[in-house]
Structures are given as C-alpha cells and as structure tokens.
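Colleague: heads up, no residue letters with this:
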C-alpha cells in the first residue's frame, strides 16, 4: 500500500504544480491587465483548489503509512537529520500551510463582486501558496 500511495502522491504532484502555476499566472495576468473575471477563471481557480486538496489527502495517507512520516517523529535522530526532518515534519507542515493559503484565497475571492478584487485575492494567496510549495518540494527525491 505504501508504495502505491507514494507513487500516486509523487505523480499527482506534477499535475498539482502545473495547475497551480497556471492558475497563479492567470490570476496575476487578470489583475494586472484588468480583464473581466469569467467562468474560465473560476473553473481554473476551483480545479486548483480541488487538486491541492486531493494531494493533501493523499499526502496525509502517505504520512501515516510511510516509515518516513509520523512514525519517524518518534525515532531518535529524526530532528538532527535534515532529510528525515524535512520528510517527517517540514514538508507536511508547509504543504498544509500552502493548502490553507489557497483555500483562503479561493474563499475570499468569491466574496468580491468586481473582477479586479477577485483577481487580486487569487493572485496574492495563490502566489504565496505556490512559493510555499516550491520551497518545500523534496526536489532530490522528486526528480
């Protein structure tokens, strides 16, 4: 089970990252060009939110099933080893923060009536979420 979940988590991450980059660029472009917020923009923001939440659920299952996840926190030396600490604590924590940022951004943008504030909320929170994701991806294991 562990290897299957790890495979899904790793390959779903490519889709998540691609969609997040596209949604962030779209929201920044919409904000700076003052374009009208449309159905395509809403669908892209929602699809990004959904893929991020699915990745979070897969990641939580992996964290509980993995020997590098929750069980590693109780082992001696995990916090002194940077790779172990990243997999057991830093990666899950910062990814949860990224999902929260994207969720807050999506929720706040829905409350706006005009296009520019909608794009502004999405641009701010999706950009912060993207930075968090890019900062904590375990690149050595992922590529």
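Modeller: Nice, thanks for sending it over. Not measured: the values here are computed from a predicted model.

Colleague: rest of the way, CA atoms for contacts and neighbours
Modeller: Will do.

Colleague: What is the longest helix of the chain by residue count?
Modeller: helix 2-33 (DSSP state H).

Colleague: Please tell me I have it right and residue 87 contacts residue 68.
Modeller: Yes. Assessed by CA atoms under 8 Å, residue 87 is found in contact with residue 68 at 6.2 Å.

Colleague: Who has more neighbours out of the two?
Modeller: residue 87 (23 against 19; other CA atoms under 10 Å).

Colleague: which SS state does the more buried one fall under?
Modeller: Following DSSP: H, G, I helix; E, B strand; the rest coil, the label given to residue 87 is helix.

Colleague: Likewise for residue 78?
Modeller: Under three-state DSSP, the three-state class of residue 78 is coil.

Colleague: Give the other helices and strands that the longest helix of the chain contacts.
Modeller: helix 39-65, helix 115-136 (3 or more CA pairs under 8 Å, 6 or more residues apart in numbering; DSSP states H and E).
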